[in-house]
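Chemist: kindly generate the corresponding structure for this input.
(4 chains)
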Amino acid sequence: MNWQWFHRLGSPRWFYQKTSVLLPWLTFFTLAILLVGSVWGLAFAPADFKQGNSYRIIFLHVPAAFLSLAGYYVMAIAGAVGLIWRMKLAFVVMRSAAVIGAALTFLALISGAIWGKPTWGSWWVWDARITSMLVLFFLYLGVIALQEAYQSETTANNTSAILTLVGTVNIPIIYKSVDWWFTLHQPATLKLTQASTIHPSMLYPLLTMVVGFYLFYALALILYTRAEILKRECRTKWVAELCGVDVNNKISRA
Amino acid sequence: MKFQFQSLADLVAMSGHGPYVWACYGIGLLVVAYLLITPVRQKSKFIRQLRRQYAHQAAANGRVDSAP
Amino acid sequence: MRRTDALGVIALTDSLIDVIDLSCKRDQRSLFEGLTHTFCPGDIVQIEGPNGSGKTSLLRILTGVCSDYQGDILWRGQSFSTDRLDYLNHLLYLGHLPGVKKSLTPRENLHWCSGMNSGHLQIPIVDALEEVGLAGFEDTPCHHLSAGQLRRVALARLYLTPTPVWILDEPFTAIDKSGVGKLETLLCEHAAGGGCVIMTTHQELSLEGVDKINLRDYQPKLVQWQQEEWGIDV
Amino acid sequence: MSNTKFYLPAPSAAAGFVAMLNRDLLLSYRHKGELANPLIFFLMVITMVPLGISPDPQFLASLAPGMIWVVALLASLLSMDVLFRSDFDDGSLEQLLISPQPLYFMVLAKVLAHWMVTGLPLTLAAPLLGVMLALPEGGYMPLCLTLLVGTASLSLIGAVGAALTVALRKGGLLLSLIIMPLYIPILIFGASAVSNAIDGFAIMGQLAILGAFAAVAIVLAPIAAAGALRVAING
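Modeler: This next block holds a predicted model:
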């Protein structure tokens, strides 16, 4: 099998140029779908008979929660690729994924807390899902903190990749144990999402938002990665050309 | 599929849950905007910086070339 | 080139370590490039170069501690990572830091070292300490020793374990004149016995027949454009 | 034409393991003062609890299992920082990495030594603290059992964090930050086993899960820690 494409995938320049073509389309579709999904969820989906209108928060909360968990795996896979094949681009993706993942986890936490106020009458309840989210947030913060702590970029990349992998092994265990702990201490009767009971009229806007968030995640990841690539490759010819520098003029100096 | 509220004011109020729902979506918008704008700004700032650097270099070269 | 006897005994004619087109790059900064050298039994090789030219990095790369390199390093004809433990078993490295625990005595420290290696001692630990001028200090906790004496504890390992390859980073630091002379003799004997010494030092050596690698000759050429990154290090 | 001077038998992993374990135990023995520090910390924090909350025995009893577990976890975490740090500072970590020994067993030996001087004493001291917090009768045996198994996992997971932060000057706080989330399952099962036992329920399930954690940690954690040491010392 020809592995050329895989090698090329690791080339920052190739990545930058391919994504340049993709970017306008992706931006357009992402924003359009997110807009459609929010309007649908906010105004056109029927109100929940138990929770009233406050349940409309799930159209934001659930996709954010999905993505924060999936984002951790994206980060872990990127880290593993970086460690195994020493692919620098993978580490760049890993770094970007950490920031985006932490932001989305934060969004999921905040929206969960705001939903809790009208529903349980309290900003914070030790609900299994929200507690797991909080732990995930801590895991993200740990990875970011470790990345920032090292001066040497290589060491920062390698150590945080190992930490993400260790975290990946642990996440299912943490989730299971938090679930178990929750059932031990009388579960709250109302849950933010009850997958089995959700009506199609609510499911479709939710699915739209989930798709929108996945696209948004890809978009943000690409944007962060592109910015980072330019910084890393600042002394190369193609970046200079990209900035509109007369390349031949510069050569005459040598 | 139909519009679930009597009026626009109803939509804003959401039978009392309005502040919570709108606050959530507001924060959501902020997070989304932050994640999209930060890298774009970073990039353009970096390109500007790089351009200035190259211009500086070119100017320095010009002086060297014209020196006797 | 590849020929090892059943007992793992090294034949004198074989090369020990081959370094092929080695370059070292740390965080975008290139330290040296295109270094090719064959280290044979009987060689004493001094690595030279200005500060920051990558002397220590080169030694650390050869020990396998540092992995920021490109190129090949062969141990008796095959990549040194294929049989890593065998390679390390034939290697003795003394770095900037002596690697001596201050709350243990010299004897305990050396005992640990030999336990980590094959445990096969050429001479008793007491004799080795005597050789480096630490007779009578065997059971003194190392925090009572001076910097020079700590280094001598580390140097005592050269007498203990019969490894053919010695990689020494500034072994003469904090060693007095008589100690330096003694050490030089030891290095010569080691080389004459079929060993190989790779070292850095700022000291003028009075040894004969020292090969020199000057890292200044391998400094990266000033390039106009940074090399484009090509996905994977192959 | 061979040279028999360099006859080198292949090193045995068992001998290396024993040498490493011996050295680390000897080192802890030489620093007897430091040995007591986690215990004193354990004791002090537990003293703070009635002072800060309430000396009411019934109230304390309901708090005891979780409190003792949380503090044991913190004590183990605080002692984790030095696991590789002192070796890094004096260069013996470098020697460890280039010794002809599988790094896995070396890390395991160091963790075992660490557990013997922190986890084990914490487990032994726990009943005393149970008395201070009015832990009900049925809780002592489960407390010791869960701590015995649980602290082993804590040491193993903590070793990964210690290895990741070994090259950092101020790694202590960061170590807690990156490792504490990973401790959560152990805390949940350990503390709940003790409360369950007090309420008269079976605890074999939780003990089995803690045992499984320890088994998985023994297999995986030294691998991760060894990898982390290699990349941390590289920089």
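
Chemist: please make it C-alpha for all contacts and neighbour counts, starting now.
Modeler: Noted.

Chemist: chain D against chain C: which residues are in contact?
Modeler: D:1-12, D:15-17, D:19-20, D:23, D:27, D:30, D:87, D:90-102, D:230, D:233-235 (Cα under 8 Å from any Cα of the partner chain).

Chemist: could you find the closest non-adjacent residue to residue D:225?
Modeler: Residue nearest to residue D:225 in three dimensions, not counting chain neighbours: residue D:160, with 4.3 Å by Cα to Cα, 6 or more residues apart in numbering or on different chains.

Chemist: check which helix or strand covers the residue nearest to residue D:34 when sequence neighbours are not counted.
Modeler: In space, and not counting its chain neighbours, residue D:34 is closest to residue D:28: 7.6 Å by Cα to Cα, 6+ apart. Using DSSP states H and E, residue D:28 sits in helix D:13-30.

Chemist: if you count contacts, what does the following helix or strand past that helix end up packed against?
Modeler: Using DSSP H and E, the helix or strand that follows helix D:13-30 in sequence is helix D:32-52. Judged by 3 or more Cα pairs under 8 Å, 6 or more residues apart in numbering or on different chains; DSSP states H and E, the packing partners of helix D:32-52 are helix D:13-30, helix D:57-80, helix D:119-132.

Chemist: can I get the ones you listed in TSV with distance to residue A:31 and mean pLDDT?
Modeler: Shown next, in TSV, are the helices and strands packed on helix D:32-52 (distance: least, Cα to Cα, whole Å; pLDDT from 0 to 100):
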stretch	distance to residue A:31	mean pLDDT
helix D:13-30	59	92
helix D:57-80	45	91
helix D:119-132	53	92
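
Chemist: poorly predicted segments of the stretch 151-254 of chain A, please.
Modeler: A:185-197, A:246-254 (pLDDT under 70).

Chemist: tell me the residues of chain B that contact chain A?
Modeler: B:1-5, B:11, B:14-15, B:17-18, B:20-21, B:24-25, B:27-28, B:31, B:35-36, B:39-40, B:42-43, B:46-47, B:50-51, B:54, B:58, B:61.

Chemist: list buried residues within those.
Modeler: Among the residues of chain B next to chain A, those classed as buried by 16 or more other Cα atoms under 10 Å in any protein chain shown are B:5, B:11, B:14, B:17-18, B:20-21, B:24-25, B:28, B:31, B:35-36, B:39-40, B:42-43, B:46-47, B:50-51, B:54, B:58, B:61.

Chemist: the closest residue to residue D:58 other than its chain neighbours: what's it in contact with?
Modeler: In space, and not counting its chain neighbours, residue D:58 is closest to residue D:134: 7.5 Å by Cα to Cα, 6+ apart. Going by Cα atoms under 8 Å, 6 or more residues apart in numbering or on different chains, residue D:134 touches D:57, D:58, D:60, D:61, D:64.

Chemist: from residue C:201, how far out is the last one?
Modeler: As for residue D:64, its distance to residue C:201 is 61 Å (criterion: Cα to Cα, to the nearest Å).

Chemist: next: residue D:68.
Modeler: As for residue D:68, its distance to residue C:201 is 55 Å (criterion: Cα to Cα).

Chemist: in terms of neighbours, single out the busier of these two.
Modeler: residue D:68 (25 against 17; other Cα atoms under 10 Å in any protein chain shown).

Chemist: having no further points to raise, I will conclude here.
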